[in-house]
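Visitor: Structure for the following, please:
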Amino acid sequence: MNRQLLQYARIELTTALMDLSGGTKGQLEAFSEHPPADKNHYPRQHIHKVQLEGNKQVRSERAPTYALETRSRIRPAPPMKEFEFASCAWRRAVNTLPVYQSSWIRYCYGFDLKFEHQKNICEAIWMAYQKNLPPGLLTKTKKRLISLVWLAVQDVAAKNKNESYKEYAGSALATLMTVSRSTWCEVYSQHWQGLKEAVSELDNDSLIRVLKSKETLIFEEVIE
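Guide: I've put the predicted structure just below:
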């Protein structure tokens, strides 16, 4: 599948999985802009007193107000906007993916940072890559490779979001792993590239599966 189609899927998924939970104004913000309170409703109302423990009383700073109805339209607003409805097919396609692919799509293109997604991605990458490890690899080396999995995931995800992203330099990675630069080049550099290739493969497979699933869902809707 060509790169243009994969890039198209990335753009559409970023829009479809966008978090719009804060798209509407909160009640306090709406009240501050258009206060629905009529303060002259109780013109002769005395200052309100609140009884506390020990026969103490305090005066409230604000008098009772009469709140008008906040609903401005006879019919309720639609549950979702037009562009949200138009991208439903993409979200439904993501829901049909295996767990690890769905977690990757939601993390990379939906900016969902749930720990469960991160765990699913790392487990899938390590399960796929450890088959290529040479026999007799030291346990210490293997543990350090495991610590590179999540870093490789972040590196590929950042590159997919921003083409101008600069990848980690070998010296910086050697410092993070507390090894010398020569040791990094001789032992870990090849594994680092292999882990990133495994993440890129997961990205391509997930996008291809999303595209095929979306086409299937649309075809089924047309038949119905």
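
Visitor: Name the single longest helix found in this structure.
Guide: Longest helix in the chain, counting residues (DSSP state H): helix 189-223.

Visitor: Pull out the buried positions in that one.
Guide: Residues of helix 189-223 classed as buried by neighbour count (16 or more other Cβ atoms under 10 Å): 191-192, 194-196, 198-199, 202-203, 206-207, 209-211, 213-214, 217. Where C-beta positions appear, they are placed from N, C-alpha and C, glycine not excepted.

Visitor: and what of stretch 149-165?
Guide: Neighbour-count burial for stretch 149-165 flags 149-153, 155-157, 159-160 (criterion: 16+ other Cβ under 10 Å).

Visitor: Give me the helices and strands touching the longest helix of the chain, please.
Guide: helix 3-16, helix 88-95, helix 99-108, helix 115-129, helix 139-161 (3 or more Cβ pairs under 8 Å, 6 or more residues apart in numbering; DSSP states H and E).

Visitor: Quick check: which of these is buried the most?
Guide: Mean neighbour count (mean count of other Cβ atoms under 10 Å) peaks for helix 99-108 among these, with a mean of 22.

Visitor: what's the spacing between that helix and its chain's center?
Guide: A distance of 9 Å separates the centroid of the chain from that of helix 99-108, by Cα atoms, centre = their mean, to the nearest Å.

Visitor: just to revisit the earlier point, quick one, the longest helix of the chain and helix 139-161 angle?
Guide: Put simply, helix 189-223 runs at 50 degrees to helix 139-161, going by axes from the mean of the first three to the mean of the last three Cα atoms, to 10 degrees.
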